[in-house]
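Visitor: one predicted model, sequence on top.
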Amino acid sequence: MPINSNSSTSTVSTTSSTSTSTVLQHIQSHRDVPVEQLFTKLDIVGKGAYGAVYKGIHNATGTILALKVINLDTAEDDIIEIQREVALLSQLRDSDRHNCIGYHGCYFYKTELWIAMDFASGGSIRTLLKPGKIEEKFTQLIIRETLIGLNYLHRQDIIHRDIKSANILLTNSHRVLLCDFGIAAPLQSTNHKRSTFIGTPYWMAPEVIADGRLYDTKADIWSLGITLYEMLNGNPPYSDLTPAKVILKIPRSQPAKLEGNQFSNGVKEFLAACLIDEPNDRPTADELIKHKWIKSISKAPLTPLKDLTNRYSRWINSG
């Protein structure tokens, strides 16, 4: 098995996101310390296919981190996906400076794998959608910051392959971070394309669904457009259909549009650019950063995003 589930506590790898990080310096100098002494698990904040994500504390510094705890008693295919995520996280040096989740190390504990990452206390954008749709002025900031992360990945020939609101996080300092690299993948070195059918159906680009068709980073651009639509409307297109029906619907339908005077022409044009059916005609992440809808708020601060977390808190407190 690629990852030895019978190993004792040990460090798999640790990558410093900033050379001055106190947490990482401590982790690197205490590689042989049992993981349960390095960290304390607190509340569970999410569940996934392979395990759960906990809010945790780095005991030596008191720093709050996210601890992704994976049960390694899984199928071989699952282990391979877990390995891929760990490899990509460790590869993405300085990722937190480019709006991708920061990685602090990976450890074995009994039959578990613990992955320590940045903690985003604001939760996912999907969570922040629970009280209702998100106003365009907020989506501009979220999309701007997500594009920075996508541009960083794409410049390294990495496709995320699962861009959606649930994989975009907000920190307590209102930073926007891309997360969940479980199905991200490098482009094939020979043709810079992939052909694997993978992702979440509602956000999938037509070329990903098409049988045997090659695709590249432009598939992420389509998914970003669907994520924008999702934020503005509360759900992605065809959310009333089953995933199986959506897979049939997307390649045969016209791309979704924003209807109504409540949306600016800028956002309508931006969405239309993301959802161009022919991937070669879709703009890159770098080109979208220069789109007028994004450029108009290029220097705008992220502090207004606190209104989203405040709205969610009020919604929770209202019962």
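Guide: Received it, and whenever you're ready, just let me know what you need.
Visitor: got the contact list for the host helix or strand of Ser313?
Guide: Element membership of Ser313 [criterion: DSSP states H and E] is helix 306-317. For helix 306-317, contacts defined as CB atoms under 8 Å, 6 or more residues apart in numbering pick out 122-123, 127-128, 130-131, 134, 138, 170, 174. To be clear about C-beta, it is placed using only N, CA and C from the backbone, and glycine gets the same treatment.
Visitor: one more pass at 7 Å, please.
Guide: 122, 127-128, 130-131, 134, 138, 170, 174 (CB atoms under 7 Å, 6 or more residues apart in numbering).
Visitor: kindly format the C-alpha coordinates of that helix as PDB.
Guide: What follows is helix 306-317 as a C-alpha-only set of coordinates in PDB (Å, rounded to 0.1, in the frame of the first residue of the first chain):
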ATOM      1  CA  LYS A 306     -16.800  40.600   7.300                       C
ATOM      2  CA  ASP A 307     -20.500  41.500   6.500                       C
ATOM      3  CA  LEU A 308     -20.900  38.000   5.200                       C
ATOM      4  CA  THR A 309     -19.600  36.300   8.300                       C
ATOM      5  CA  ASN A 310     -21.700  38.700  10.400                       C
ATOM      6  CA  ARG A 311     -24.800  37.900   8.400                       C
ATOM      7  CA  TYR A 312     -24.100  34.200   8.900                       C
ATOM      8  CA  SER A 313     -23.700  34.700  12.700                       C
ATOM      9  CA  ARG A 314     -27.000  36.500  12.900                       C
ATOM     10  CA  TRP A 315     -28.700  33.700  10.900                       C
ATOM     11  CA  ILE A 316     -27.300  31.100  13.200                       C
ATOM     12  CA  ASN A 317     -28.300  33.000  16.300                       C
END
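Visitor: that one: which residues count as buried?
Guide: 308-309, 311-312 (16 or more other CB atoms under 10 Å).
Visitor: among the contacts of helix 306-317, name the ones in helices.
Guide: Counting by DSSP state H, those place 127-128, 138 in helices.
Visitor: select from these the one having the most neighbours.
Guide: Counting neighbours by other CB atoms under 10 Å, the top entry in those is Leu128, with 24 neighbours.
Visitor: about what we covered before: name the nearest of the contacts of helix 306-317 relative to Val53.
Guide: Thr127 (12.5 Å; CB to CB).
Visitor: which residues touch the closest one?
Guide: Tyr312.
Visitor: any idea how far it is from Ile316?
Guide: 10 Å (CB to CB, to the nearest Å).
Visitor: point out where the chain drops to low pLDDT.
Guide: 1-33, 48-50, 74-78, 93-96, 181-199, 211-213 (pLDDT under 70).
Visitor: where do the domain boundaries of the chain fall?
Guide: As given by automatic domain parsing, the domain ranges for the chain are 10-118, 123-317.
Visitor: how many other residues sit next to the residue lying closest to Ile70 once chain neighbours are set aside?
Guide: Among residues not flanking Ile70 along the chain, Gly51 sits closest, at 4.0 Å (CB to CB, 6 or more residues apart in numbering). Taking other CB under 10 Å as the criterion, the count of residues near Gly51 is 20.
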